[in-house]
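*Asks:* Need a 3D model of the sequence below.
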Amino acid sequence: MLDLRKLRYFLTVAEELHFGRAALRLHLAQPPLTRQISALETELGFRLFDRTSRTVSLTAQGRSFLPYARAVLEQVDLAEVIAGKLAAGSAGQLALGYVSSIALSDLFSQTIQAFALRFPDVQLTLVECASGSMGSQITDGRLDIGLSRLLPQSGQTEVQALSLGEEPLVAAVSSDNPLASQAQISLTQLSTYPLILFPNDYGSGLNQSIEQLYRRNGLPLRPGPSGRQITSIIALVAAGQGVALVPECTQSLMSKGVTYRPLTDPDACAQLLVLTRMQGRSLLVEAFMTVIDEVLLARQHV
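*Replies:* Purely as a prediction, here's the structure:
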């Protein structure tokens, strides 16, 4: 195996084409430098330099070998830099799970942007998944962090949930629905229409919030068709298949044929949670949590 130190000596001499100047750069006496280059030439099986009493020049083999030696040393330098960043928690991989409705929020995009700018050496993998499966994926290590609307199941004691606040719900109705002409819509009015939700087996935190909201208000919930993504729910609304209660950020989906209206009920909200492992959170997870806190703080002062 080639000695990296000897490769550095070779690169320095190749750059200076003078053993004396190279020795000065390397803080080394010239005779030991000459011996190290000779030893490297012996290992390689060919001469790297043509030397006279006045000049030093690369041989043809030396010129051919130079870019490979430089590439090896550049990769070693890069590995040292990355190792330092890994140790400091500023490089590596981070798997972020999220539910489809959260991806539409400004908080989501602003946090991703701020984190990417601050930690450009982190490979951030985004995984869309249902709230119901997010806790187990964090537990088994498939996800490092999750943005959810559903508290972990009672048995998932190793998962920690922190609240990022609540987001108002708005009504989504087809544009030809009589409710679309109103400035605000009440839950009582919505309850007369089929309600489009995520499938029951999806494990949706949004479903849970809506069902609790209807129960608190003593209203019947008429289930309509279901969609596995917020975009498919909005498409069903546009097709006149029912109405929907969606987070306020969903209004960014300006789908043709859909009208969004605020609700008269002030307690109509969906929670936003960040899930992590209770113990052994990595430096990158801690860094991401710090960025979320900073984005939330900045949004409060806008």
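*Asks:* drop to CA atoms for contacts and neighbour counts, all remaining ones
*Replies:* Noted.
*Asks:* you'd agree residue 258 is up against residue 179?
*Replies:* No. Using C-alpha atoms under 8 Å as the test, residue 258 is too far from residue 179 to be in contact (11.3 Å).
*Asks:* Overlap of the contact sets of those two?
*Replies:* With contacts defined as C-alpha atoms under 8 Å, 6 or more residues apart in numbering, the residues adjacent to both residue 258 and residue 179 are residue 173.
*Asks:* Which residue of these two possesses the greater neighbour count?
*Replies:* Shown here are residue 258 and residue 179; by other C-alpha atoms under 10 Å, residue 258 has more neighbours (25 against 21).
*Asks:* Which residues are in contact with that one?
*Replies:* For residue 258, the contacting residues are 172, 173, 174, 175, 234, 237, 238, by C-alpha under 8 Å, 6+ apart.
*Asks:* Now it: closest residue in space, sequence neighbours ignored.
*Replies:* Spatial nearest neighbour of residue 258, excluding adjacent residues (C-alpha to C-alpha, 6 or more residues apart in numbering): residue 174 at 4.5 Å.
*Asks:* That neighbour and residue 235, how far apart?
*Replies:* As judged by C-alpha to C-alpha, to the nearest Å, residue 174 and residue 235 stand 10 Å apart.
*Asks:* between these two, which one's more packed in?
*Replies:* Just comparing residue 174 and residue 235: by other C-alpha under 10 Å the higher neighbour count belongs to residue 174, 25 against 18.
*Asks:* show me the contacts for that one.
*Replies:* So residue 174 contacts 180, 237, 238, 239, 240, 242, 243, 257, 258, 259 (C-alpha under 8 Å, 6+ apart).
*Asks:* please redo it, this time with the cut-off set to 6 Å
*Replies:* 237, 238, 240, 257, 258, 259 (C-alpha atoms under 6 Å, 6 or more residues apart in numbering).
*Asks:* Looks like the second one contacts residue 257 (just checking).
*Replies:* So that's residue 238. Yes. Under the criterion of C-alpha atoms under 6 Å, residue 238 makes contact with residue 257 at 4.9 Å.
*Asks:* Who has more neighbours out of those two?
*Replies:* Regarding residue 238 and residue 257, a neighbour count based on other C-alpha under 10 Å identifies residue 238 as having more, with 22 against 16.
*Asks:* Report pLDDT for the more buried one.
*Replies:* Predicted confidence (pLDDT) for residue 238: 94.
*Asks:* quick one: the closest residue to residue 144 other than its chain neighbours and residue 293, what's the gap?
*Replies:* Nearest residue to residue 144 in three dimensions, chain neighbours excluded: residue 95, at 5.2 Å (C-alpha to C-alpha, 6+ apart). Residue 95 sits 19 Å away from residue 293, taking C-alpha to C-alpha as the criterion.
*Asks:* same deal with residue 36?
*Replies:* From residue 36 to residue 293 the distance is 54 Å (C-alpha to C-alpha).
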